[in-house]
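1. sequence first, predicted coordinates after that:
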Amino acid sequence: MGTNIIGINQPKLVRCYDNDWNYITTYTSLRTCARCCKIPVTTLHKAILAKKLIKNHYFSYDKK
């Protein structure tokens, strides 16, 4: 199967914010968000965990 980052394949809602943490939208999964924003999945996942600005947006997992 290869190496896998824990949590990367779990279906989670990903919230998207602008660079001032103003809410924009919610994506149904990490993969959908990565595809729409043209960001590699692993890069996006790491940015979410580190709360880093990426492509002028912030992302976070939606706590259900």
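-> Good, I have the coordinates. Numbers count the residues shown, from 1 in each chain.

2. which parts of the chain are strands?
-> Read by DSSP state E, the chain holds these strands, from start to end of the chain: 14-17, 23-27, 58-61.

3. as CSV, the ones you listed with mean neighbour count would be great.
-> In this view, the C-beta of every residue, glycine as well, is placed from N, C-alpha and C. Putting the strands of the chain into CSV (neighbours: other Cβ atoms under 10 Å) gives the following:
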stretch, mean neighbour count
strand 14-17, 18
strand 23-27, 13
strand 58-61, 19
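
4. per-residue confidence at residue 38?
-> Residue 38 is assigned 95 on the pLDDT scale.

5. now do the contacts for it.
-> With contact set as Cβ atoms under 8 Å, 6 or more residues apart in numbering, residue 38 has these partners: residue 55.

6. same question for residue 15.
-> Applying Cβ under 8 Å, 6+ apart as the definition, the contact partners of residue 15 turn out to be 23, 25, 26, 27, 59, 60, 61, 62.

7. what bridges to it?
-> On the basis of DSSP bridges, residue 15 takes part in beta bridges with residue 26, residue 60.

8. residue 58 contacts residue 14, doesn't it?
-> No - using Cβ atoms under 8 Å, residue 58 makes no contact with residue 14, being 10.8 Å away.
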